[in-house]
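Asker: Okay, predicted coordinates and the sequence, questions at the end:
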Amino acid sequence: AQKVTQAQTEISVVEKEDVTLDCVYETRDTTYYLFWYKQPPSGELVFLIRRNSFDEQNEISGRYSWNFQKSTSSFNFTITASQVVDSAVYFCALRPIIQGAQKLVFGQGTRLTINP
Amino acid sequence: SQTIHQWPATLVQPVGSPLSLECTVEGTSNPNLYWYRQAAGRGLQLLFYSVGIGQISSEVPQNLSASRPQDRQFILSSKKLLLSDSGFYLCAWSVPHRNTEAFFGQGTRLTVV
């Protein structure tokens, strides 16, 4: 069975602080994808990143960075110098690399609040 | 470019009434289509997915059904709503046979009263 755990239900920080959102996953598949999505107050899910299980290189995109560690089954997301616009619910998700429908298994989400 | 439309944005329905939520995708053909539900304070749960017209797979037993009458149209229905059907419903699409991400619609917030 596949499972994604985001242990942090809510996080609140002051603007300009760095914040890390944790994601731990469980899967028996040897090849899989991991994702992060952002859900702003408007509700739609915005895709942020996809990482496959072959590639453990960390990735940086502007103020966002992702730390993938296969040994600990974690895919953590760090926002540097947070801004109020970063306030949202963030979801980590997992799916195997197979043919057919690309079904995502989501974590419970972390509600991030950036206070001015 | 591809876009996904979902409506209505919000809906308040009495218990026992029918439901029809519609989702359409533009700018692509033969997409994989999905319905997810997000209950209050919880993660997203996959309800249905479809890899082609008339092909529907259900992930969890429930009071809902889905249909795909056209290539880029995905409909979520219920004959009689329950209080437990309240939630935020998201439609999504992805490119078939490609290892890409799924793209989500704006969502429908359903409140059953």
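Answerer: Good, I have the coordinates.

Asker: Tell me, how many residues neighbour residue 102?
Answerer: Assuming you mean chain A. 24 (other Cβ atoms under 10 Å in any protein chain shown). Glycine gets a C-beta too; all of them are placed from N, C-alpha and C.

Asker: let's do chain B instead
Answerer: There are 27 residues near B:A102, going by other Cβ under 10 Å.

Asker: ok, now which ones touch it?
Answerer: A:47, A:102, A:104, B:34, B:92-94 (Cβ atoms under 8 Å, 6 or more residues apart in numbering or on different chains).

Asker: and what of B:V95?
Answerer: B:28, B:31-32.

Asker: Just give me the closest of those residues to chain A.
Answerer: Taking Cβ to the nearest Cβ as the measure, chain A lies nearest B:N32 of the contacts of B:V95, at 5.1 Å.

Asker: so the closest one touches B:P96, yeah?
Answerer: Yes. Using Cβ atoms under 8 Å, B:N32 is in contact with B:P96, at 5.0 Å.

Asker: circling back: looking at the contacts of B:V95, which one is closest to B:Q2?
Answerer: Closest approach between these and B:Q2, by Cβ to Cβ: B:T28, at 4.7 Å.

Asker: Below-threshold pLDDT in the chain: ranges please.
Answerer: Since you didn't name a chain, this refers to chain A. For chain A, the stretches with pLDDT under 70 are A:99-101.

Asker: not quite, I wanted chain B
Answerer: In chain B (pLDDT under 70), the answer is B:41, B:99.

Asker: Give me every residue in it lying close to chain A.
Answerer: B:32, B:34, B:36, B:42-46, B:49-51, B:57, B:59, B:88, B:90, B:92, B:94, B:97, B:99-107, B:109 (Cβ under 8 Å from any Cβ of the partner chain).

Asker: give me that answer again for 7 Å
Answerer: Taking Cβ under 7 Å from any Cβ of the partner chain, the part of chain B that reaches chain A is made up of B:32, B:42-44, B:46, B:49, B:51, B:88, B:90, B:94, B:97, B:99, B:101-107.

Asker: Pull out the buried members of those residues.
Answerer: B:32, B:43-44, B:46, B:49, B:51, B:88, B:90, B:94, B:99, B:101-105, B:107 (16 or more other Cβ atoms under 10 Å in any protein chain shown).

Asker: Between all of those, which two are at the greatest distance?
Answerer: B:F88 and B:N99 (26.9 Å).
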